[in-house]
Structure formats: structure tokens, C-alpha cells
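Undergrad: Below is the sequence, then the predicted model.
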Amino acid sequence: MKTTHSKLKYYLIASMAILALSCSVEEGEDGVDGMDGAPGIQGEQGPPGQDGEDGADGNANVNSYTFDISSVSGVTYGQNIPELTQSVIDDDVVLGYVKRNINWHQLPAIGHFLPFSISADMTPGFYIIDFVDLTDGSDFAITAGELDLLKVVVIESNSNTTSKNTHPDFSKMTYFEVMDYLGLDY
């Protein structure tokens, strides 16, 4: 039995020595990846999720018309706008703005930016602006180049907005606030 123990010790020590000497500190390069396996079966459809919150209303019912009026001169100017029907005048919100240099001014404009005021009126097919002298209320003749652009914005009514007072008071908002509110370009 003593010989069996000694042989067993010898084999155990030899195995440990071989194992210790055969390990290296460096790792070899990774081998080439094997092929992907076949895809698994499709899982069951999950239950439908909750409906999300409605998004903000867009501007599908808002139309904007911009006109170059830099060559306008005289005491009155009428811009042809075929979309300005009697129904639009009666039922919708129509806003007018004029641009002079870099500033936009809501119509009617009462002499706070020019030596004259501008009144606005509408008839089917036309948006009319009149220039008025600040001192005596008489007609005022402008010259070409005093104004740059005219912008007319029509906010259509629908079943949810049957009255003009369902919108914010645009007269208390700046041009940029109105454009932002309606999602329109400046």
C-alpha cells in the first residue's frame, strides 16, 4: 500500500507541475464568431396601451396672406384677396398687420409709429387700408416706401368656435405673440 501511496503522490505532484507550467499569462486572439442561430418564434401580441393625451390644436383653420406694399402711395389702398368672402367677414376672425422697416403693427394703427394713422376695412374680395392725418383726421397721402408689407390672417370659425370671442384678445397681443400662438411664420 505504501507503493500505491507513493505512486499516487508522484502522479499528483506531476499533474500539478504540468498544470502550473502549462498556463500562460497571455490570452490568445478571439476566434471567429460562429453563425447566428435561427430566430425564435414570434411572441404573442401584448394588450393595447392606454390612449395618449390629445396634442395641441394646430393651425389647419388659419390662413395667412402677405403682400408687398412698398410701392403703394396715395390715401387709400385696396388689396385684392378673393378668399375674403362675406361669410369670412361675418363669421371668422380677420387680423391685419403692416410692416415698416423691422416693426410689425396691428391694424387699425393709431399714429404711434408714423406721422399718420391707418384704418382698415373689408368688403368681399378686398382688404382696404386708409391713411389718416393725425392732426385733423383728414386723408393723408403716403409715398412709396413708407410701408413694406401687409399681412392678413384669417382664423376660420368651426363648430367649436361659433363666436369671435372664443379666441384670446389678439388686440392685446404683439404681432409675434399672435404668430406664435397661431403657429405661423413671422
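TA: All right, it came through fine.
Undergrad: ok, which stretches of the protein are strands?
TA: 62-68, 76-80, 93-100, 103-106, 116-123, 126-133, 149-155 (DSSP state E).
Undergrad: Tell me which of those sits nearest to residue 53.
TA: Across the strands of the chain, residue 53 has its closest neighbour in strand 62-68 (22.5 Å, C-beta to C-beta). Bear in mind the C-beta positions are built from the backbone N, C-alpha and C, glycine included.
Undergrad: Tell me which other helices or strands that closest one touches.
TA: On a contact count with 3 or more C-beta pairs under 8 Å, 6 or more residues apart in numbering; DSSP states H and E, strand 62-68 meets strand 149-155.
Undergrad: Buried residues in the strand it packs on, which are they?
TA: 150, 151, 152, 153, 154, 155 (16 or more other C-beta atoms under 10 Å).
Undergrad: can you give me how far it is from the chain middle?
TA: 19 Å (C-alpha atoms, centre = their mean, to the nearest Å).
Undergrad: how about the strands of the chain in TSV, adding distance to residue 184 and mean pLDDT?
TA: Shown next, in TSV, are those (distance: least, C-beta to C-beta, whole Å; pLDDT from 0 to 100):
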stretch	distance to residue 184	mean pLDDT
strand 62-68	5	96
strand 76-80	18	98
strand 93-100	10	95
strand 103-106	12	92
strand 116-123	19	95
strand 126-133	17	96
strand 149-155	7	96
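Undergrad: can you list the ones you listed in TSV and add distance to residue 37?
TA: Output for the strands of the chain, formatted as TSV (distance: least, C-beta to C-beta, whole Å):
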stretch	distance to residue 37
strand 62-68	56
strand 76-80	71
strand 93-100	64
strand 103-106	65
strand 116-123	73
strand 126-133	71
strand 149-155	60
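Undergrad: Of all those strands, which one is nearest residue 186?
TA: Judging those by C-beta to C-beta, what sits closest to residue 186 is strand 103-106, at 8.0 Å.
Undergrad: May I have the strands that pair with that closest one, each with its orientation?
TA: strand 93-100 (antiparallel) (DSSP bridges).
Undergrad: List of residues touching the strand it pairs with?
TA: 69, 84, 88, 104-107, 109, 113-114, 118, 120, 122, 127, 129, 146-155, 157, 164, 167, 170, 175, 178 (C-beta atoms under 8 Å, 6 or more residues apart in numbering).
Undergrad: quick one: low-confidence parts of this structure?
TA: Applying pLDDT under 70 to the chain picks out residues 1-25, 28, 55-60, 112-113, 159-166.
Undergrad: run the last query once more with 80
TA: 1-28, 30-31, 34, 52, 54-60, 111-114, 158-167 (pLDDT under 80).
Undergrad: mind listing the helices for it?
TA: Applying DSSP state H to the chain gives helices spanning 2-22, 86-91, 175-182.
Undergrad: for residue 54, what are its contacts?
TA: Contacts of residue 54 by C-beta under 8 Å, 6+ apart: none found.
Undergrad: Residue 183 versus that one, what's the distance?
TA: 16 Å (C-beta to C-beta, to the nearest Å).
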